[in-house]
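# Quick one: sequence plus predicted model below, questions after.
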Amino acid sequence: MTIVARLTINDFPLLVGDVLLSAPETPGRTVRVPTVGDITQVFPEGSGFMPSGLRQKIAVIGDNLVIGWSGSRIAAKTVIQELITRNKHEQFSNDSLMKHLNSLDETSGAQKVGFVGFIKDARGIAQFGFRYLDLQTASFGRMGLLGTGSGHFEEVIQSLTSFPQPSRPINDLERALGHGLICSGVLLSAEIVTRESLLHFFGGGYEVASLIKGQFKKLDNITYLFWHGEISANGIGVNLHQVCKYSYANDLLLIRAATLSAFSKESRLTIKQSIDVVPPIYRDAIAEELSSVPRPTFDSTWLCSYYLVPNPKGGIAVFAEVHYSVEGKAPIQFEEKEDHLLIAFDKDKLQRTLKTAFDSFDR
């Protein structure tokens with residue numbers, strides 16, 4: 001149960017994939033996801049089928065090849081391990097890759113898995129797919145989708161009627177990554193508020209991959225901030241609900257979350273923190289490396305804020321802002337003291353953002 005999307009921004013490659021696994025319920029087992037914590041509040045005992053853990057759905061096979069998968073975890077692991085081994089021996093071309101994927105029908109269990117991705121060979125960059133949904137869109141060209149969340153991703157894409165204008169000239173890579181972070185953040189925002197994606201067995205977190213300095217890589221060092229807001233005649237009021245840091249330790253994805261209690265004048269603001277380790281599909285994490293994984297800080301090169309307000313027509317409306325600290329001057333900074341998390345904001349920047357958000361929601 002998955003969502004993986006292959007799309008292009010101005011012909012620049014972008015791959016977005018979730019991390020949620022699902023399986024028949026195991027009585028007595030506790031499962032948590034970064035957005036909502038313990039999922040028993042969403043899937044009470046006796047649900048039968050439910051989220052079972054987290055695993056990366058995007059795999060970087062080599063500098064020349066990145067792939068997303070859906071379907072059988074065991075079949076995907078087998079196929080991707082073989083792709084890595086073969087590509088190290090001799091890099092795939094688009095033709096040899098498709099020949100290899102088309103031969104998978106002869107492999108036991110391979111009929112239960114699908115793939116989308118990008119490959120770079122002597123003829124340039126090509127997008128490919130195997131057992132996937134091929135969708136033509138006005139804004140993103142040909143889009144390849146996998147998994148139970150495909151329809152939801154299509155809805156998100158269609159709902160993104162406009163993107164914030166950059167405050168400075170940006171290149172195609174920055175534009176593609178910004179679009180990917182807006183898509184992933186909007187999906188996570190809806191998950192935090194409605195839990196709907198979990199009920200459709202996708203979500204939990206998202207990875208973003210693209211062509212970075214001529215090599216396929218995953219985007220690292222991202223902090224998401226989710227704000228709950230209300231609109232009134234006096235303007236917009238917001239409370240910070242959750243901060244999530246996405247980073248990698250080698251090929252392990254680390255998701256550190258700090259969830260703040262609802263603001264109240266009568267009680268002290270409290271924070272629940274957690275760190276989830278999400279292994280790649282081609283291997284498991286071992287105890288020795290888990291014990292040595294460093295605790296990520298919340299400061300990041302990419303700062304992404306999402307302002308969530310109730311939509312009068314139902315559901316939520318989201319205003320997204322993506323900031324890339326190209327010069328290291330971040331408008332939001334984090335400082336940890338003992339068990340306290342201090343968050344410092346550039347006041348003028350925050351006020352301008354809230355005004356822009358209010359004008360956007362008002363329209």
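Looks like it came in fine. Fair warning: this is a prediction, and the values are worked out from it, not measured in the lab. Residues are numbered from 1 along each chain as shown.
# Alpha carbons only: can I get stretch 313-332 in CSV?
Taking Å, rounded to 0.1, in the frame of the first residue of the first chain, the C-alpha atoms of stretch 313-332 are listed here in CSV:
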residue,chain,number,x,y,z
LYS,A,313,-16.2,23.8,1.9
GLY,A,314,-14.8,20.9,4.0
GLY,A,315,-11.4,19.5,4.9
ILE,A,316,-8.4,21.9,5.2
ALA,A,317,-6.8,24.6,3.2
VAL,A,318,-3.0,24.7,3.2
PHE,A,319,-0.6,27.5,2.5
ALA,A,320,3.0,26.3,1.9
GLU,A,321,6.3,28.1,2.1
VAL,A,322,9.6,26.5,1.2
HIS,A,323,12.8,28.3,2.2
TYR,A,324,16.3,27.2,1.1
SER,A,325,19.1,28.7,3.2
VAL,A,326,21.5,29.1,0.4
GLU,A,327,23.6,31.6,2.4
GLY,A,328,23.0,30.0,5.8
LYS,A,329,20.7,32.8,7.1
ALA,A,330,17.7,30.7,8.2
PRO,A,331,14.6,32.6,9.2
ILE,A,332,13.8,29.9,11.8
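# With adjacent residues omitted, what lies nearest to residue 4?
residue 68 (3.6 Å; Cβ to Cβ, 6 or more residues apart in numbering). (Each C-beta comes from the backbone N, C-alpha and C, glycine too.)
# Quick one: neighbours of the one you found, just the number.
Other residues near residue 68 come to 32 when the count uses other Cβ atoms under 10 Å.
# okay but it is in contact with residue 6, surely?
Yes: between residue 68 and residue 6 a contact is recorded at 6.8 Å, counting by Cβ atoms under 8 Å.
# Common neighbours of those two, please.
Common neighbours of residue 68 and residue 6 (criterion: Cβ atoms under 8 Å, 6 or more residues apart in numbering): 15, 116-117.
# okay, and for the stretch 51-200 of the chain, where does confidence drop off?
105-109, 139, 161-167 (pLDDT under 70).
# again, only this time at 90
Applying pLDDT under 90 to the stretch 51-200 of the chain flags residues 103-112, 135-142, 148-175, 179.
# same thing with the stretch 251-363 of the chain?
Looking along the stretch 251-363 of the chain with the criterion set at pLDDT under 90, you get 260-273, 286-295, 309-319, 323-331, 335-363.
# Quick one: the helices in it, in order.
287-291, 347-362 (DSSP state H, counting those that start in this stretch).
# Please work out which of those helices is packed deepest.
By mean neighbour count, with neighbours taken as mean count of other Cβ atoms under 10 Å, helix 347-362 ranks first of those at a mean of 14.
# Packing partners of that one?
strand 222-232, strand 235-249, strand 302-310, strand 316-324 (3 or more Cβ pairs under 8 Å, 6 or more residues apart in numbering; DSSP states H and E).
# For residue 24, find the nearest of those strands.
Nearest of the helices and strands packed on helix 347-362 to residue 24, taken as Cβ to Cβ: strand 235-249 at 28.5 Å.
# Strands along the stretch 1-150 of the chain, start to end?
Secondary structure of the stretch 1-150 of the chain (DSSP state E, counting those that start in this stretch): strands located at 4-9, 12-18, 20-24, 32-33, 37-38, 49-54, 58-62, 65-71, 113-121, 124-130, 133-137, 141-146.
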